[in-house]
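Asks: here is my input; please provide its structure:
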Amino acid sequence: MTFIVSSCSNRRVYFQFRKRIIVLKGDPGTWDENEVHNLSVVVANRSDYKYWGYYGLAYYEDSAEKGKAGLAWSNDLIHWMKYSGNPIIESNCRWPTVILANGIFHMFYAQYDSDVESRIVRATSKDGIHFSQEQVVVPLEPGLQNQNPFIFFSPIEQCYYLFYYHGREHGAGEKIWSIYVKVAKDVTKLDQSPSIALLSSPNTIAAPSVANYNSHYYLTIEAFTPGKWDDKWVIRAFESSSLTQGFKEVKNSPILLDDDACPFQYVFDGELYLFYSHRYDLEKNFWDLRMVKAIKD
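Replies: Presented below is the predicted three-dimensional model:
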C-alpha cells in the first residue's frame, strides 16, 4: 500500500507501508477477548523493555462497565508481552493514551455516564502500572461526546497537545463529529486550555492521532460514511505545517480501508509506525490490533 502526501509547498512525499502485522489479540475467555482496540506506545526503557504499550477495548455504549485498560511490553514493536496483572484500570476507562513526562506517566482516557455522554480525564503513575489522582481535562457536556484522546508532545513548540473527538451522535439534535485539540506548556494544565476545532463532518470522524514526520505534521482519523467505502471503517490522513490549523487531506486518503480504525501513529528512530484496529469479524464485531510501518522510497 502506498501513502502519498501533498505538502503546503506542493512538495510530494512518498511512503510505502510494509505488510500488516497483528501485534495484539484478546486472550480467549478473558476480559479482552476479541476486543483489543487501541494501543498507545511510550518509550519507557524500564523492566527490561524499551516500549510500554497501553491498550483499550472496543466496547462503546456499554463501556462504563466493560471499559478497561491493559499494559503490554515490547522491544521491537512487533512482539508484545501482556502484564500478568491486567487490567490495570478495572472500569469506565476507554481509549487510554499515555505520555511519560518528567518521570511520571500521564494517562488520558474517556469516562461515560448512563446516557453515553463522555468526558476525558487524566490519571498519573510513578511506575506506569498503578494510576490514581484523576483530573477532569474535558468535562461532560449534556448530549455530547468528548472522547478518543491522543496526547502528543512537540519538542519544536515545547508544548503538549491533546487531540480528541467532540460531537453529538446520541440523543436529540443535529448529528456532528469534530476533531478538537487543546494545547499547554505543562501537561497538567491542559484542563485550563481552550479547545480548538480542526475538522468537522456530518458523518463519523473520530480517533485522531498526530505524528511529526519529514518536517510536517500528519493527522490520522477513523471514518465511516454510510454507502461509501463499501460500508467499512477506514483511516483517513491529513497534513499540515501547524498542529492547530490548516490540515488538508492527503491525495490518496483513505490510507487504510478494510474495516480499519483507531489509528495511533508514532515516529521511533526516524521511522513512522501506525498501530490500528482491524475488524476481522463483521457479524460479531470482533477486533484485533495491527501495525504497519511506513518506509520512504
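Asks: now do the contacts for the spatially most central residue of the chain.
Replies: For the chain, the residue nearest the mean C-alpha position is residue 264 (4.4 Å; Cα atoms, centre = their mean). Listed by Cβ atoms under 8 Å, 6 or more residues apart in numbering, the contact partners of residue 264 are 38-41, 97, 150, 209, 274-276. Backbone N, C-alpha and C define where each C-beta goes, glycine included.
Asks: what is it paired to in the beta sheet?
Replies: Note on residue 264: beta-bridge partners residue 275, judged by DSSP bridges.
Asks: pLDDT weak spots in the protein?
Replies: Low-confidence segments of the chain (pLDDT under 70): 1-16, 296-297.
Asks: OK, contacts around residue 195?
Replies: 138, 166, 180-182.
Asks: now it: how far from residue 173?
Replies: Going from residue 195 to residue 173 by Cβ to Cβ, to the nearest Å gives 19 Å.
Asks: circling back to that earlier point, in CSV, list the contacts of residue 264 along with distance to residue 105 and neighbour count.
Replies: Below are those laid out as CSV (distance: Cβ to Cβ, whole Å; neighbours: other Cβ atoms under 10 Å):
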residue, distance to residue 105, neighbour count
38, 17, 29
39, 15, 26
40, 11, 25
41, 12, 24
97, 11, 28
150, 16, 26
209, 18, 27
274, 23, 25
275, 18, 24
276, 23, 27
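Asks: would you agree residue 193 is in contact with residue 184?
Replies: Yes - Residue 193 is within contact range of residue 184, at 4.8 Å (criterion: Cβ atoms under 8 Å).
Asks: for residue 189, phi and psi?
Replies: Backbone geometry at residue 189, expressed as degrees, to the nearest 10, gives phi -110, psi 10.
Asks: that older thread, ok, so of the contacts of residue 195, who is nearest residue 129?
Replies: Residue 129 lies nearest to residue 138 out of those, by Cβ to Cβ, at 24.9 Å.
Asks: not counting its neighbours along the chain, what's nearest residue 47?
Replies: The shortest distance from residue 47 to any residue other than its chain neighbours is 6.8 Å, reached at residue 73 (Cβ to Cβ, 6 or more residues apart in numbering).
Asks: for the one you found, list each beta-bridge partner.
Replies: residue 52, residue 81.
Asks: who touches residue 174 in this structure?
Replies: Each residue near residue 174 by Cβ under 8 Å, 6+ apart is listed here: residue 168.
Asks: so it is in which element?
Replies: Following DSSP states H and E, there is no helix or strand that holds residue 174.
Asks: list phi and psi for it.
Replies: Dihedral pair for residue 174: phi -70, psi 130, per degrees, to the nearest 10.
Asks: next SSE after the helix or strand in which residue 198 is found?
Replies: Using DSSP H and E, residue 198 maps to strand 196-201. Once strand 196-201 ends, the next helix or strand along the chain (criterion: DSSP H and E) is strand 204-213.
Asks: got the buried residues for that following strand?
Replies: Burial within strand 204-213, assessed by neighbour count using 16 or more other Cβ atoms under 10 Å, is assigned to 204-211, 213.
Asks: tell me what the helix or strand that that strand is followed by is packed against?
Replies: The C-terminal neighbour of strand 204-213 among helices and strands, as given by DSSP H and E, is strand 216-224. The contact analysis (3 or more Cβ pairs under 8 Å, 6 or more residues apart in numbering; DSSP states H and E) places strand 216-224 against strand 196-201, strand 204-213, strand 234-240, strand 260-268.
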